[in-house]
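Asks: Sequence first, then the predicted structure:
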Amino acid sequence: MGENALKERWRQGKAAVNGWLAIPSAFSAEVMAQCGWNSVTVDLQHGVQDYLSMIACFQAMQAHPVTRLVRVPWNEPGIIGKALDGGAYGVICPMVNTAAQAEALVAACKYPPRGSRSNGPVRAAIYAGAGYQQTANDEILVMPMIETREALDNLEAILDVPGIDAIYVGPSDLGFSLGFAPKLDREEPEILAIYERLLRETGKRGIKAGIHCAAADYALRMLRAGFRLVTVGNDSGLMAKAARQAVGDVWKGAAELR
């Protein structure tokens, strides 16, 4: 398996900006892969991607220097193994709330003796070669999502699970779990204090922290705070924002014709 460029960036002390694919289109993925993202995530949990569209997106991105990630729909070894067999270099897993669930995630991502992932990298072996199994355990990123009150209650135990490379914050579900409205770029003092705690505890352990953001300026703020992976929106949202801007710009200059 080739070197995980995202892991290497982190080893060099650099941060990463992550793209997000909700649209089940290889062409959309191909376009996004050329926009400067360091990594791009196919979202199998929300949005309208499925397994075959994930494969098509990975194929479209393969010619470009982005690290291919996947958010799986749940902490279930079957889909985790298939996503890795399909070519993912890292797994973002939702709703990891206990150390036992974090251990199960690591086991699903790692081949024996470090885990229980079944052997059969049918597509991964095509691009990674015959030595895939010898390097996969070291190169694949394991990222549980921290997005509930229960996960916060068990944070230190989750972070102490061997094999966790990074956490990924889901601000909408985290806020929802704490009694706030679901949204991304949060300003509640209670949640900002949680972010500080997450960065402090991950930093103690050499684990990276990622977060999903809606706006570029908030993502920059999170990088400055210490997050080392920031996602900005998703493909469908960015397309809609640009389209609304273009239409609005036209009507600004021709209001009398509207």
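Replies: Here it is on my side, so go on. Numbering: from 1, shown residues only.
Asks: Please enumerate the strands of this protein.
Replies: 16-21, 39-43, 67-71, 90-93, 141-146, 166-169, 208-213, 229-232 (DSSP state E).
Asks: tell me the mean pLDDT over the last one?
Replies: Which is strand 229-232. Along strand 229-232, the predicted local confidence has a mean pLDDT of 98.
Asks: so what secondary structure elements neighbour it?
Replies: Using 3 or more CB pairs under 8 Å, 6 or more residues apart in numbering; DSSP states H and E as the contact definition, the elements that strand 229-232 packs against are strand 16-21, strand 208-213, helix 216-225. (Each C-beta comes from the backbone N, C-alpha and C, glycine too.)
Asks: how about a markdown table for those, with mean neighbour count and distance to Tyr111 added?
Replies: Formatted as a markdown table, the entries for the helices and strands packed on strand 229-232 read as follows, by neighbours: other CB atoms under 10 Å; distance: least, CB to CB, whole Å:
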| stretch | mean neighbour count | distance to Tyr111 |
| --- | --- | --- |
| strand 16-21 | 24 | 25 |
| strand 208-213 | 26 | 23 |
| helix 216-225 | 16 | 33 |
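Asks: Pipe those into CSV and attach mean pLDDT and distance to Ala104 per row.
Replies: Rendered in CSV, the data for the helices and strands packed on strand 229-232 read as follows (pLDDT from 0 to 100; distance: least, CB to CB, whole Å):
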stretch, mean pLDDT, distance to Ala104
strand 16-21, 98, 24
strand 208-213, 98, 20
helix 216-225, 98, 28
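Asks: now the helices: where do they sit in this structure?
Replies: Counting by DSSP state H, the chain forms helices over residues 5-11, 26-32, 51-61, 77-85, 99-109, 124-128, 132-139, 149-153, 155-159, 171-177, 189-205, 216-225, 235-253, given from the N-terminal end onward.
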